[in-house]
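Trainee: coords below, sequence missing:
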């Protein structure tokens, strides 16, 4: 699994090139000691083959590399794996952390590639207006995930 993560990282486009491409970009921060990263590695490789190549840029970054420390800070990486979903216009849509089942990531990437509302949101609410998110509504449920 670590070899898969390293392979994905090696074939990733440079972050600036990905962000300038006009396509959505998924940035995955991982660490070689991370069990969830290793558990998700083969699924992420399959998802990249399905959604990469013109739909979504996949950028994989070793969060422990010293030259990535500033980026880790910019994206507020405080848990690994950390997935940052950046829109074609370079706006952070949401972040998700920890182990994500393949079906969850498939739904997320399907919406992300289509430019529609993301079904799973981190603590940033996927850009939803907090005043519109009320307890018990589908938006509130999605915002809590």
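Mentor: Yep, that arrived. Every value quoted in this text rests on a predicted model; they were computed, and no experiment measured them.
Trainee: Which of the helices or strands spans residue 72?
Mentor: helix 69-74 (DSSP states H and E).
Trainee: List the buried residues in that helix.
Mentor: The neighbour-count check on helix 69-74 (16 or more other Cβ atoms under 10 Å) flags 71-72 as buried. (C-beta placed from N, C-alpha, C; glycine too.)
Trainee: Now the element after that helix, going C-ward?
Mentor: From helix 69-74, the next helix or strand downstream (DSSP H and E) is strand 82-86.
Trainee: which helices and strands does that next one pack with?
Mentor: strand 25-30, strand 92-97 (3 or more Cβ pairs under 8 Å, 6 or more residues apart in numbering; DSSP states H and E).
Trainee: can I get those strands in a markdown table with mean pLDDT, distance to residue 43 and mean neighbour count?
Mentor: A markdown table is the format used below for the helices and strands packed on strand 82-86 (pLDDT from 0 to 100; distance: least, Cβ to Cβ, whole Å; neighbours: other Cβ atoms under 10 Å):
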| stretch | mean pLDDT | distance to residue 43 | mean neighbour count |
| --- | --- | --- | --- |
| strand 25-30 | 98 | 12 | 24 |
| strand 92-97 | 94 | 14 | 20 |
